[in-house]
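Student: no sequence on this one, just coordinates:
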């Protein structure tokens, strides 16, 4: 599916014509990310982040496959095999630091991508399926990242696995058996490490497959744009190639520069020193903190401290933590405002920025030492998070008076109605 | 019916979570944290500068060799360094014969097997051997150290908050708890019950203020540097912590060098990509 004015693939070379007859793979690429895909002409830099997320996944898979050639998933040697990579494997330090910091870059890019979608209403009809598949990708990424962090088998790996699998024991009656089944034992050990390695190798390919669906679903309605106004005609779009391949190429350059600064000059800045101590089940670290990209959810988990309605605080925390992500699945139907872009939603725009600040502050609170002030602030911020999505959004979609929308993308770009042939 | 109730589901679920939080605030307020001496009198690491800091940072081989000497003559009596092999010392400027001699003369020998009987034995180390630790196993290490375990030093500089500066501060930071003050406040006045149990030593740089390790650097001139550098306590501490950073991150110089080359390449490539982007979009308002 595409707009009727999309350019048509017409191979000139006999070999390409032959290939098009037998296996039209070049045609697929041409229509997906080539000149055959018309894209709104007014996309801003925030639309780079989808391609960047794809690039980040590719970097993770390539570096990960190489790491797996040298890594040994066994509790007795896992830690040392990582040090073997760091010290003895040619450029092993580069591959390993690229993989560890690449995970952080992946999350930075994906969080920007998600908030872009929230600001410009990319989750709304007709792109609900794109959004749902995106949330699935996000969940898969979190699972993959968690299991990857366990593999070096340092102190934070071990105790992180202990804490996160402990969430399942909050489920009444069947919780403990489920946790034991997941771990293959009473505590994280060789069996857990082995299955985490197996799944950590599998899930990125599942993510890649869901990304294919995500892009497929996107190509049916076509890309959203900063005005949120539907494409009306050919003057509103440009072909993906060369316009957006060029723009994404530059974005990729900037992404790689930021990535390199982290990787070459501060490779341990986002890690935790305790993970350079081998896993020791008999010694609990003073502060167990997850990787930075889980901190907002960790803060939500810790903020539920009361046994409300006779349900244990721990179960509330776990339900809230999973709920804070799962509620995103319902967002396209919770937000009933027909206006997509926050640029024309004077109330939603403000609440959006409050949400951004709220999530960043939750991240800070997630790693802060637990004091009464920190707990109270987490409770406040967690309360806002749920209110934002479940109470405020439905309310403002009822009462908000949107600003006048431009008649078309081209009108918004040119500042006046489009001439007959633009 | 459903059309009427469906829009209420989300706000009701939201309200449920908000009520759970409100209940937590009202019914289960967290107890105020107790005043702890280890929080109020803990010191952050001293401000020590190293040659390897910053994006252009390099190791100073003279310093690393001095630091190795401190490790060999002081630390290695209790602390192992199991991830570093003798041959690695060539990277910090020791010659092949020097490394061979160092390996052969190391205080503890490398575990081996008696070729005639098959019994466990030891032999002189070779450059290809990892540096043998002072104890046969953890039990032996604890038995010799009042049940404390001296940590392996291979990764210590990366495994502690504050890194090498923390290590240098710790080994020079022993003090007398009785007279210790921070910001004009006296420890014993604020916490009269504070005590250092027998076998432990007061050190404000250590997380809980009492550490099992006795002061390793007892006096200036404890080691005699071959290059004539005056071996003050702080000098020895700085040198050995620099050496530990090298042991933990031996590829640091290579990383900095590669990083600069990669950045130069990427900046040029990105500028070219920016030119291509401007060129292609020229005349297309967006």
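Tutor: On my side now, so go ahead. In this text, all values refer to a predicted model and were calculated from it rather than measured experimentally.
Student: start to end distance for stretch A:4-24?
Tutor: This stretch, stretch A:4-24, spans 20 Å end to end (Cα to Cα, to the nearest Å).
Student: so how far is it from its chain's centroid?
Tutor: Stretch A:4-24 has its C-alpha centroid displaced from the chain centroid by 35 Å (Cα atoms, centre = their mean, to the nearest Å).
Student: Could you do stretch B:242-258 as well?
Tutor: On the basis of Cα atoms, centre = their mean, stretch B:242-258 sits 13 Å off its chain's mean C-alpha point.
Student: next SSE after whatever helix or strand residue A:105 lives in?
Tutor: Residue A:105 is part of helix A:92-119, with elements assigned from DSSP states H and E. With elements assigned by DSSP H and E, the helix or strand that comes after helix A:92-119 is helix A:128-150.
Student: quick one: average pLDDT of the helix or strand just after that following helix?
Tutor: Counting by DSSP H and E, the element after helix A:128-150 in chain order, helix or strand, is helix A:155-166. Average pLDDT, helix A:155-166: 93.
Student: Now do helix A:155-166: which elements does it pack against?
Tutor: Counting contacts by 3 or more Cβ pairs under 8 Å, 6 or more residues apart in numbering or on different chains; DSSP states H and E, helix A:155-166 is packed against helix A:128-150, helix A:175-183, helix A:190-219. Every residue, glycine included, has its C-beta placed from N, CA and C.
Student: got the contact list for the residue in the stretch 101-250 of chain B positioned nearest to chain A?
Tutor: Here the stretch 101-250 of chain B gets closest to chain A at one residue, residue B:159, 3.7 Å apart by Cβ to the nearest Cβ. For residue B:159, the contacting residues are A:273-274, A:276-277, B:151, B:248, by Cβ atoms under 8 Å, 6 or more residues apart in numbering or on different chains.
Student: Strands along the stretch 201-350 of chain A, start to end?
Tutor: In the stretch 201-350 of chain A, the strands defined using DSSP state E, counting those that start in this stretch lie at A:237-239.
Student: which bits of it sit near chain B?
Tutor: A:238, A:242-243, A:246-247, A:249-250, A:252-254, A:256-257, A:260-261, A:263-265, A:267-268, A:273-274, A:276-277, A:286, A:303-309, A:313, A:316, A:320, A:323, A:327, A:330, A:334, A:336 (Cβ under 8 Å from any Cβ of the partner chain).
Student: For whichever strand or helix holds residue A:365, list every residue counted as buried.
Tutor: Using DSSP H and E, residue A:365 sits within helix A:346-367. Buried residues in helix A:346-367, counted by 16 or more other Cβ atoms under 10 Å in any protein chain shown: A:347-349, A:351-352, A:355, A:358-359, A:361-363, A:365-366.
Student: angle of that helix against helix A:92-119?
Tutor: Note on geometry: by axes from the mean of the first three to the mean of the last three Cα atoms, to 10 degrees, helix A:346-367 and helix A:92-119 are set 150 degrees apart in direction.
Student: Who are the packing partners of helix A:346-367?
Tutor: Judged by 3+ Cβ pairs under 8 Å, 6+ apart, helix A:346-367 is in contact with helix A:92-119, helix A:295-303, helix A:372-387, helix A:393-399.
Student: in the stretch 51-200 of chain B, which spans are helices?
Tutor: Assigned by DSSP state H, counting those that start in this stretch, the stretch 51-200 of chain B shows helices spanning B:61-73, B:96-104, B:138-144, B:163-172, B:187-190.
Student: Where does the prediction get shaky in chain A?
Tutor: Applying pLDDT under 70 to chain A flags the ranges A:1, A:417-422.
Student: try 50
Tutor: For chain A, the stretches with pLDDT under 50 are A:421-422.
Student: how many other residues sit next to the closest residue to residue A:323 other than its chain neighbours?
Tutor: Distances taken as Cβ to Cβ, 6 or more residues apart in numbering or on different chains place residue B:17 nearest to residue A:323, at 7.0 Å, with adjacent residues excluded. Number of residues near residue B:17 (other Cβ atoms under 10 Å in any protein chain shown) recorded here: 25.
Student: quick one, what contacts residue B:17?
Tutor: With contact taken as Cβ under 8 Å, 6+ apart, residue B:17 is in contact with A:320, A:323, A:382-383, A:386, A:390.
Student: Which segments of the chain make up each domain?
Tutor: Let's take chain A. Chain A breaks down by automatic domain parsing into domains covering A:32-284, A:289-402.
Student: Actually, chain B is the one I wanted.
Tutor: Taking automatic domain parsing as the reference, chain B has its domains at B:59-174+B:215-246, B:251-281.
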